[in-house]
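Enquirer: okay, structure incoming, though there's no sequence with it:
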């Protein structure tokens, strides 16, 4: 007997047929003698509609009321799935965030889970009942409904798995696992049987849309075994596990890319102490998240060029913040470019293997691809290139690191 | 300064334009210095869709999960209206049934309100905040979401008005008040300025769809002044009040009709003690609500004919229950007729005026309309007639009792 959390995303519960299918899938685990807590998202499209209404209702929607409105989507699917399970003879009941409760911070709209009371879930398991938990939501101090931000149901599932000490947290989605890269770009992309938390985290934050970043962090901290698998096919997926569980680690496990990038270059900024702080302080105050930063060595000893990247949606705001600082920064010109992409090579194996950067840069050079900015961490190397070269770069790197399927 | 409850039904909050309009209407009361609690239904059509899903999910939906699913509709409109009010600069927040709480019985799907804690609402009034309360829902013992049954938002509104001792409970709907009869049938129907609780109760239970019956009962018990008015036009509606408030009471205040009627006649039932109980006991056990009952005097001293009416949707079930009792009841034949309608004359004034029945029967006879069954109470006389004569009968009675507008 195992204890499982099974999480189903929006496309997996998109209509009544899909919900009935999910109930059959859950029943199979019950029939196999397992204890199951299910976490559900809203039906595909519902959350977008609800968010649209909140934006129609108010120019700047109060996040607390936003949460009341959007949390209703998961409430509906939780009730419906409980009904569908009962219809198959499986004892089941729905749980809203406030009922367990799932306590969160009061950062409405993007709240963090602080504490999950597993008492009622344990009582349910003891009586053989499947818990169907509304994902994405909790209750803030003071008793108001909170939500975790888009994709938050993954985080709900992992947090619940940690709270009930589940043997595994299965994330059912519309892809059948984590791939070495985007199969839409590289036909020879391979599904990974296992991947480490660290690699998954890099992949998630570097543009792979499989799991919400925060859910991976949480799984890593609480050592929750997560499986990403398809709700449409009946195949094993990709296990996200601790590094120790992976016997033969490859040097590089995947190639990720992110199109949500924009580049700003400041030409001839005064090269003096404190200049970086006077650029990035105001950007942070304006809630602009800066990713890669490169500062060239000063040529003349008095001025330098500074390049950094921001999310594409933040480009105009970032440029306007910087323009407001022109007198103070004394730069010559601001150049911006939304036509860039970040391509990353990821793998915990590169910690112990020299030469990964060399191989990466050589593979790109061979295809005539110019590298604009480079950023590295212990287990990834990212480069910024012109967007036109995205597919070419990803394919070249996938081959260069021996990831192509036979 | 007055304290008001304003309740808006599904058509009044059907889309974002309507919700914005409702916010303007509420703001006007706030600007006039009033304290306001708003009660909202789900957007028109939403509840039907949610109910449809529960029926698709399970053959016999668990009422507790049914409640979880359908209560979400009011959650959405409560949040959206709070946003729309804030957008106009009016401090507002939404309240779910479980947050106040609105305590109900555990009869999920048709729960009764047991207790409303007005403490949080009073605190909100003190701070100048509009409470936007999700109608139709509450919380059952044990903390599960409950709903009050279709049309329950009227009941929510009246119960909240009683709990906060509101000066008036305004029910905004798609008609502009209570009429002497259905204006679609009688062009000369008049809107009533005032109507007594008792009359409104009879009208509600006799087919007038303006207010839910239970909400009128509750208003009568707690002496809540209720106004029915249009959310589309800006006109005074009809006040539902205590009899003492109506100075000049007319003999008859309205003509109601109900098409949701079906008639069953048992020919030659054994005429012996206990026969009525052996018919209506099993019907009650099968949840068939019996309305009018007529038993003729026995012709031969050994058998009699028995006629009664049931809701049209219950006709088949009622007939099948009775057929199962054939051996025991020893009747000769069961006749059923779904092609009947109940027409009623209502007025507290008829208590002190003889001759209402005579005038009613004469008016119908004059048009050649045959009366099949008669049932009376202190303030109403109902007759069952063939459905084809509905409009003719209603118009004849409206004229006969002097209700036609000039």
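Expert: Cool, got the structure. These figures come from a predicted structure and were not determined experimentally.
Enquirer: how about residue A:216, what does it touch?
Expert: Residue A:216 makes contacts with A:158, A:197, A:200-201, A:204, A:226, A:240, as judged by C-beta atoms under 8 Å, 6 or more residues apart in numbering or on different chains. Where C-beta positions appear, they are placed from N, C-alpha and C, glycine not excepted.
Enquirer: 7 Å instead, please
Expert: Taking C-beta atoms under 7 Å, 6 or more residues apart in numbering or on different chains, we find residue A:216 in contact with A:197, A:200-201, A:204, A:240.
Enquirer: and if you look at residue A:40?
Expert: Applying C-beta under 7 Å, 6+ apart, the residues near residue A:40 are A:8, A:13, A:74, A:77-78, A:81, A:132, A:134-135.
Enquirer: measure it to chain B for me?
Expert: 12 Å (C-beta to the nearest C-beta, to the nearest Å).
Enquirer: up against chain B, what does chain A have?
Expert: A:16, A:19, A:50, A:53-54, A:56-59, A:61-62, A:65, A:68-69, A:72, A:75-76, A:78-80, A:82-84, A:86-87, A:94, A:99, A:143 (C-beta under 7 Å from any C-beta of the partner chain).
Enquirer: and for residue A:273, the neighbour number?
Expert: 6 (other C-beta atoms under 10 Å in any protein chain shown).
Enquirer: quick check, residue A:75 in contact with residue A:133.
Expert: No: between residue A:75 and residue A:133 there is no contact under C-beta atoms under 7 Å: 10.8 Å.
Enquirer: contacts for the strand or helix carrying residue A:334, please.
Expert: Per DSSP states H and E, residue A:334 falls inside strand A:333-337. Here strand A:333-337 makes contact (C-beta under 7 Å, 6+ apart) with A:262-267, A:315, A:319, A:322-323.
Enquirer: strands - which of the residues you listed land there?
Expert: A:262-267 (DSSP state E).
Enquirer: out of those, who's nearest chain B?
Expert: Nearest to chain B out of these is residue A:262 (C-beta to the nearest C-beta; 31.4 Å).
Enquirer: so where's the stretch 151-300 of chain A shaky on pLDDT?
Expert: Scanning the stretch 151-300 of chain A for pLDDT under 70 picks out A:205-208, A:298-299.
Enquirer: residue ranges of the strands in it, please?
Expert: A:168-173, A:194-196, A:226-230, A:238-241, A:254-258, A:262-270, A:290-295 (DSSP state E, counting those that start in this stretch).
Enquirer: residue B:400 is nearest to which of the ones you listed?
Expert: With distances scored as C-beta to C-beta, the stretch of those nearest to residue B:400 is strand A:168-173 (68.2 Å).
Enquirer: partners of the closest one, with directions?
Expert: In the sheet, strand A:168-173 lines up against strand A:3-8 (parallel), strand A:226-230 (parallel) (DSSP bridges).
Enquirer: pick the most buried one from those.
Expert: strand A:3-8 (a mean of 25; mean count of other C-beta atoms under 10 Å in any protein chain shown).
Enquirer: after it, next one along is what?
Expert: For strand A:3-8, the following helix or strand on the C-terminal side (DSSP H and E) is helix A:16-31.
Enquirer: what's the angle between that next one and strand A:168-173?
Expert: Interaxial angle, helix A:16-31 versus strand A:168-173 (axes from the mean of the first three to the mean of the last three C-alpha atoms, to 10 degrees): 160 degrees.
Enquirer: can you tell me the strand partners of the helix or strand following helix A:16-31 and which way each runs?
Expert: For helix A:16-31, the succeeding helix or strand toward the C-terminus, using DSSP H and E, is strand A:35-40. Applying DSSP bridges, strand A:35-40 is found paired with strand A:3-8 (parallel), strand A:130-134 (parallel).
Enquirer: state the mean pLDDT of strand A:35-40.
Expert: Model confidence over strand A:35-40 averages 98 on the pLDDT scale.
Enquirer: cool, and stretch A:355-364?
Expert: 92.
Enquirer: distance check, the residue lying farthest from the centre of chain A against chain B.
Expert: Distance from the C-alpha centroid of chain A, by C-alpha atoms, centre = their mean, peaks at residue A:300 (42.7 Å). Counting by C-beta to the nearest C-beta, the gap between residue A:300 and chain B amounts to 54 Å.
Enquirer: got the contact list for that residue?
Expert: Contacts of residue A:300 by C-beta under 7 Å, 6+ apart: none found.
Enquirer: show me where the stretch 301-406 of chain A has its strands.
Expert: A:303-310, A:333-337, A:340-346, A:373-377, A:380-386.
Enquirer: deepest of those strands, which one?
Expert: When those are compared using mean count of other C-beta under 10 Å, strand A:340-346 is most buried, at a mean of 25.
Enquirer: and the residue farthest from the centre of chain A, how far from residue A:271?
Expert: Noted for residue A:300: a distance of 8 Å to residue A:271, by C-beta to C-beta, to the nearest Å.
Enquirer: which part of the stretch 201-350 of chain A gets nearest to chain B, residue-wise?
Expert: Counting by C-beta to the nearest C-beta, the stretch 201-350 of chain A gets nearest to chain B through residue A:231 (17.2 Å).
Enquirer: so how many other residues sit close to the residue nearest to residue A:377 when sequence neighbours are not counted?
Expert: Spatial nearest neighbour of residue A:377, chain neighbours left out: residue A:202 (7.5 Å); criterion: C-beta to C-beta, 6 or more residues apart in numbering or on different chains. Under the neighbour criterion other C-beta under 10 Å, residue A:202 is assigned a count of 26.
Enquirer: now do residue A:293
Expert: Neighbours around residue A:293, by other C-beta under 10 Å: 14.
Enquirer: check contacts around it.
Expert: residue A:308.
Enquirer: contacting residues around the residue of the stretch 201-350 of chain A closest to chain B?
Expert: Residue A:231 touches A:8, A:12, A:22, A:172-173, counting by C-beta under 7 Å, 6+ apart.
Enquirer: and these, which two are the farthest apart?
Expert: A:22 and A:173 (12.2 Å).
Enquirer: now for the two: what residues contact both?
Expert: A:12, A:231.
Enquirer: quick one: buried ones out of the contacts of strand A:333-337?
Expert: Buried subset of the contacts of strand A:333-337 (neighbour count, 16 or more other C-beta atoms under 10 Å in any protein chain shown): A:262-266, A:315, A:319, A:322.
Enquirer: now distance to residue B:403 too, for those residues, in CSV please.
Expert: Shown next, in CSV, are the buried ones among the contacts of strand A:333-337 (distance: C-beta to C-beta, whole Å):
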residue, distance to residue B:403
A:262, 73
A:263, 78
A:264, 77
A:265, 82
A:266, 82
A:315, 70
A:319, 72
A:322, 76
